[in-house]
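# model this:
(one chain, ligands or ions: 1)
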Amino acid sequence: MRFVRYNGNQLGLLTDDGIVDLTDRLGLTSADPLIEYMSGEHNAEKFVDSDPDHSIDKVTLESPVRRPGKVIAAPLNYEAHIEEAIADKDITTDEWFSIKDKGYFLKAPSSVIGPSENIVIPFEDRRIDHEVELGFVMGEETKDADNETAWENIFGYTVLLDISVRGDQDRSNRKSYDTFTVVGPAIVTPDEIDDPQNLDLSLAVNDKARQEANTNDMVYTCADVVQYASIGATLQTGDIITTGTPEGVGPLVDGDSIEAEIESVGSLNVNVEERDVSFEDVNVQKHGQTN
Ligand code: MN
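Here you go, the predicted structure:
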C-alpha cells in the first residue's frame, strides 16, 4: 500500500487509479493521521480497489507523516560519496563521518515538507546542496533492536531529500532550516518492494541528471541504521530515518526544479526558491554588545 497525505491533513491510499480517501472511511481524527493509522488497529487493505476520490495531479501533496518525533539521518553511507566528500572541502570541512565512527545526526522535525511545497534557500550567499536518499518510517516503538526486528518495524519507504547548507556550522543547524527535509510522495509498505537494498535512485535538476546510484551500494543497510539508532534510544512510531546520499550532490539556486525517483518507491517533483537574505549580513549581537 501507498499512503499519502494531501489537501490539509487528509490521509489517502494511492492506487493506480488515484487517491482513495482514508480519513473519513477510517474515522481518523488526529493531527497526524498516518501516525494514528500506524498506532491503531486500522486496516486500509479493504479499500485498495475502491473508486478513487481524487486524481493525484489535482491535490496538494503533504509529507505523509506531518510531524515526526525525530528525523534520524545516516551520515556518509555510500563509498563513492565518501570519496567525493573527502575531495571537496566545501562538503566535509575538516572531518568526515560514518555511523560506526561518529553515529547519526538529527534534523529538526519542523524542516519536513511535502512535494507540493517549495524548498526555500535561506541565504543567497551560502552553498545549499541537494541529497536524494531512501527514507523510511518506523511503524513500532523500537529499542535495542536486533537486525530482524529492525526490518520488521519499518512501516514503509519513501523518497527523501536531505537539503544541506555546506560550511562549518553544526550539521543539525545546516540541515534543519525550514523546508530542508522533503518527504513523499507516499510511504510505501515493504510488500510492494522486492529488496530495499537493491533499488535504483536518481535525482535531476532542471532535467539534467545529477545523482544516479543503487541502494545496494550503501555501507550500512536500512536495518543496520535502525539497529544503531535504537541503542539506548527509543524509536517511536512515525520517526523518520534516512539512509544517506550517493555521489553527485551539488548546489541549488533560485528557480531550480528537482525531480527525484526511487525504483518501486516513487518519484517527486519539487521547486526551489531563494530568500533575499545574506548570511554575511546577519548580525547576531553577543551578550552585552550594544551595537
Ligand atoms: Mn544526507
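# quick check on the closest residue in space to residue 76 that isn't next to it in sequence: phi, psi?
Closest residue to residue 76 apart from its sequence neighbours, by Cβ to Cβ, 6 or more residues apart in numbering: residue 82 at 4.6 Å. The C-beta positions use only the backbone N, C-alpha and C, and glycine is treated the same way. Backbone torsions of residue 82, given as degrees, to the nearest 10, read phi -60, psi -50.
# quick thing: my sequence starts at 21, can you match it?
Sure, I'll start counting at 21 from here, so that last one is residue 102.
# tell me the pLDDT of residue 102.
Residue 102 is assigned 76 on the pLDDT scale.
# what about the residue of the stretch 171-311 of the chain at minimum distance from the ion, neighbour count?
Of all residues in the stretch 171-311 of the chain, residue 182 sits closest to the ion, at 3.5 Å by Cβ to the ion. Residues near residue 182, counting by other Cβ atoms under 10 Å, number 25.
# residue 94 contacts residue 124, correct?
Yes. Counting by Cβ atoms under 8 Å, residue 124 is a contact partner of residue 94 at 5.9 Å.
# between the two, which one's more packed in?
residue 94 (28 against 20).
# identify the contacts common to residue 94 and residue 124.
Each of residue 245 lies in contact with both residue 94 and residue 124 under the rule Cβ atoms under 8 Å, 6 or more residues apart in numbering.
# which stretches of the protein form helices?
Applying DSSP state H to the chain gives helices spanning 43-46, 53-59, 99-107, 109-112, 119-122, 167-172, 191-194, 242-249.
# how close does the closest residue to residue 175 other than its chain neighbours sit to residue 257?
Excluding the flanking residues, the one nearest residue 175 by Cβ to Cβ, 6+ apart is residue 159, at 2.9 Å. Applying Cβ to Cβ, to the nearest Å, the value for residue 159 to residue 257 is 6 Å.
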